[in-house]
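Asker: need coordinates for the below:
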Amino acid sequence: MTLLTLADAHLAYGHRPLLDGAALALADGERVALVGRNGEGKSSLLKILAGLEAPDDGVLQLATGLTRAYVAQDPQFAAGATVFDAVAEGVAEARALRARLERHAEGDDLDALHSRLDALGGWTWEQRVHETLERLRLVATDELDALSGGTRKRVALAQALVAEPQLLLLDEPTNHLDIDAIEWLQALLVARRGALVFVSHDRAFIDAVATRIVELDRGVLRNYAGAPPAAGMSGAFAAYEAAKARELDAEALARARADKLLAQEEVWIRQGVEARRTRSVGRVARLEQLRVQRQARRETLGRVRLGVDAGVAPGRIVAELRAVSMRFGDRLVVDRFDTTVQRGDKVGLIGPNGAGKTTLLRLILGELEPSAGTVRRGTRLTIAYFDQQRAALDLDATLADTISPGSEWIERDEGAQRTRRHVMSYLSDFLFAPERANSPVRTLSGGERNRLLLARLFALPANVLVLDEPTNDLDIDTLELLEELLQDYAGTVFLVSHDRRFLDHVVTSTIAWEGDPAFGGRPGMWREYEGGYEDWRRQRERSRVAPPAPAASAAAASTGAAAARGRTAARTKLGYKEQRELDALPARIDGLEAEQKALAAQLADAGFFVRAPRDAAAAAARHAVIEDELMACLERWEALSQLVGGST
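Answerer: Predicted coordinates for the structure are as follows:
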């Protein structure tokens, strides 16, 4: 059964068409992912389907009695409302009808009111609201103004779900949700009856939920079919990528043929065949127009260049944490955490909203001092931040002033070469046309603002990048380019993200919150793993569902444990030489660090290289050697300390 049909839709803001003859048909039970570049008009199309906006031209036909619910990218609620009040807005008609029946006035058609109330299920609307709140793990009495972005998103979903619509429309539903909440939402949407259209750039989420992908490309909707809805399929995005690759190959072939024909026609025109000149010029004009239309999008993507200046290389160690704890009042956020982050590491942080990911980052980077334990930080660190709240953006400033205030030029190190580029050229690398350079930031979409923030971030040299949810609102093409950039980046990366595929493609290690008692966790427990999200998930699942050991295995394990305790007890302390070495290492490390600091101060003086070039060269060489000596001392200290710890 077809629920909705959109035909020959046109929509434009200013001179730029967002929809140019777009067409879409949606059947009951379909789950359609709407993808496309930022600023192409996906959110506007979703609002048209929801009935919140009308196209400039075209026809939207709905099935009789079709009920729709729309969840915006950034949902807004009345000030001072509670969670219950907000969710109950989803059954506002049922509430109003029942209230009208209870105080029925003279002239009311009671039979009609009863029939409509029965159709809406309005006699039990309170029960439906409470069931939905429980299902989405929401507290009815909580004040909305005090809730996090992720919880407010769940409230908006609850408001839509309680209405039990036939068609659910979601704009970026995974934004502000942590990974556990995203996986929960996946299961909810797959099990739900009815149709779904959602805008998302989360490739893993699309794979898990979508039965069909529709791409909005230069005002036209292109369909990429997945498996039938009943199949409970996954992998729609992989099918889309394969189909898109075939489409690009076909376009490349068509362009080559057009170029060849164009070249032949131009040669023919130059030969001066006057009787046929008019017709040949028309053909050339048509061919040029076709080539521009076919190449415009691909050429734009091909020109995108994301690059970051890694600045001066820091020391080998970026940060070393030993038995670090952090407490805020009675709340333990970090409990006895150990890690060593070295130059070039790409570290992902995983945990639910409110677990303390930002706190742990601030401890690592020196913005907070721990309640207990020690933090040793590296030298020559230059840190650049990507803030998911976009607090660094002035909405009234122009794009050019945001990137390079007070100057039209940007100077950066690209490889071994120092380059100087005009801000217009630099903005074009991030898909901003030159005519938009003097537009205010507030005219940009959410994804375009994130892209602008990346452009601002990469305009300055930094050897440590801290990226807090950089994938929110970014289109898939930009995500893939950002992945490539971070993979090739020579500096250190700290990445907080809910995009599971992005984490898998970028990070080399993962620091995960494991305070969930269901997994044997404790408050403030964090643990480091090699690899990305999937590596961590597999290890976590194994620890959660470990099978009970049979009696014989348990006895063998007990015997083995006793033997191990015997071996440990046999070595209750280090040997004499090892103990002397361990006792001397702290002083040795302190001495090396003091020498390194003094040399760094000398080398920071540019005149030192002029006054005493040989001494300067020797100091630079010694500075590099100290870094290796420090690392060796620290590794030896850690090994000896573990021997002592293992014997107690």
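
Asker: and the helices in the stretch 401-550 of the chain?
Answerer: Per DSSP state H, counting those that start in this stretch, the stretch 401-550 of the chain carries helices over the ranges 423-428, 446-458, 476-488, 500-506, 533-544.

Asker: of all those helices, which one is nearest residue 175?
Answerer: helix 446-458 (8.4 Å; CB to CB). For glycine as for every other residue, the C-beta is placed from the backbone atoms N, C-alpha and C.

Asker: hang on, the earlier thing: pipe the helices of the stretch 401-550 of the chain into a markdown table and attach distance to residue 153 per row.
Answerer: Output for these, formatted as a markdown table (distance: least, CB to CB, whole Å):
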| stretch | distance to residue 153 |
| --- | --- |
| helix 423-428 | 31 |
| helix 446-458 | 14 |
| helix 476-488 | 20 |
| helix 500-506 | 18 |
| helix 533-544 | 21 |
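
Asker: out of those, nearest to residue 48?
Answerer: Per CB to CB, nearest to residue 48 of those: helix 446-458, 18.5 Å.

Asker: tell me what that closest one is packed against?
Answerer: If you count contacts as 3 or more CB pairs under 8 Å, 6 or more residues apart in numbering; DSSP states H and E, helix 446-458 packs onto strand 383-386, helix 399-403, helix 476-488.

Asker: ok, and which of the ones you listed has the densest surroundings?
Answerer: helix 399-403 (a mean of 21; mean count of other CB atoms under 10 Å).

Asker: tell me the helix or strand right after the helix or strand bottoming out on mean pLDDT in the chain.
Answerer: Using mean pLDDT, DSSP states H and E, the weakest-scoring helix or strand in the chain turns out to be helix 551-570, at a mean of 39. Downstream of helix 551-570, the first helix or strand assigned by DSSP states H and E is helix 576-603.

Asker: identify whichever of the helices of the stretch 401-550 of the chain lies nearest to residue 162.
Answerer: Checked against CB to CB, the stretch from those lying closest is helix 446-458, at 26.4 Å.

Asker: pLDDT averaged over the closest one, what's the number?
Answerer: Averaged across helix 446-458, pLDDT comes to 80.

Asker: where in the stretch 101-250 of the chain is pLDDT low?
Answerer: Under the criterion pLDDT under 70, the flagged ranges of the stretch 101-250 of the chain are 105-109, 122, 225-235.

Asker: quick check: phi and psi on the closest residue to residue 582 other than its chain neighbours?
Answerer: For residue 582, ignoring the flanking residues on the chain, the nearest one in space by CB to CB, 6 or more residues apart in numbering is residue 640 at 4.4 Å. For residue 640, the backbone dihedrals are phi -70, psi -40 (criterion: degrees, to the nearest 10).

Asker: enumerate every residue touching residue 640.
Answerer: When contacts are counted by CB atoms under 8 Å, 6 or more residues apart in numbering, residue 640 is found next to 574, 578, 581-582, 585.

Asker: what's the most distant pair in those?
Answerer: Across these, the longest distance by CB to CB is 12.1 Å; it joins 574 and 585.

Asker: quick one, strands of the stretch 1-150 of the chain?
Answerer: Counting by DSSP state E, counting those that start in this stretch, the stretch 1-150 of the chain has strands at residues 2-13, 16-27, 31-35, 57-62, 68-71.

Asker: list the buried ones in the shortest one?
Answerer: Of the residues in strand 68-71, those scored as buried under the neighbour-count criterion (16 or more other CB atoms under 10 Å) are 68-71.

Asker: re earlier: so for residue 27, which of the helices and strands packed on helix 446-458 sits nearest?
Answerer: Residue 27 sits nearest to helix 476-488 of all those, at 24.9 Å, using CB to CB.

Asker: packing partners for that closest one?
Answerer: Applying 3+ CB pairs under 8 Å, 6+ apart, we find helix 476-488 packed against helix 446-458, helix 500-506.

Asker: now do that helix: distance to the chain's middle.
Answerer: The chain centre lies 12 Å from the centre of helix 476-488; the measure is CA atoms, centre = their mean, to the nearest Å.

Asker: just want the angle from that helix to strand 31-35.
Answerer: 70 degrees (axes from the mean of the first three to the mean of the last three CA atoms, to 10 degrees).

Asker: and helix 476-488, average pLDDT?
Answerer: Averaged over helix 476-488, pLDDT sits at 83.

Asker: with stretch 326-333 instead?
Answerer: 91.

Asker: shouldn't residue 61 be in contact with residue 4?
Answerer: Yes: using CB atoms under 8 Å, residue 61 is in contact with residue 4, at 7.1 Å.

Asker: what about those two, which has more around it?
Answerer: residue 4 (21 against 12; other CB atoms under 10 Å).

Asker: what about that one, distance to residue 165?
Answerer: 12 Å (CB to CB, to the nearest Å).

Asker: check contacts around residue 222.
Answerer: 214-215.

Asker: nearest to residue 254, out of the helices and strands packed on helix 446-458?
Answerer: Judging the helices and strands packed on helix 446-458 by CB to CB, what sits closest to residue 254 is helix 476-488, at 20.9 Å.

Asker: residues in contact with the closest one: which ones?
Answerer: 35, 37-38, 201, 203, 301, 304, 306-308, 346, 431, 447, 451, 454, 465, 470-471, 474, 493, 495, 499, 502, 505-506.

Asker: poorly predicted segments of the stretch 251-400 of the chain, please.
Answerer: In the predicted model, the stretch 251-400 of the chain carries pLDDT under 70 at residues 255, 261-262, 264-312, 388-391.

Asker: how about the helices in the stretch 51-200 of the chain?
Answerer: 83-88, 92-102, 110-120, 125-135, 149-161, 179-191.

Asker: so which of these is nearest residue 398?
Answerer: Closest among those, once you apply CB to CB, is helix 149-161, at 27.6 Å.

Asker: since that was my last question, I'll sign off now.
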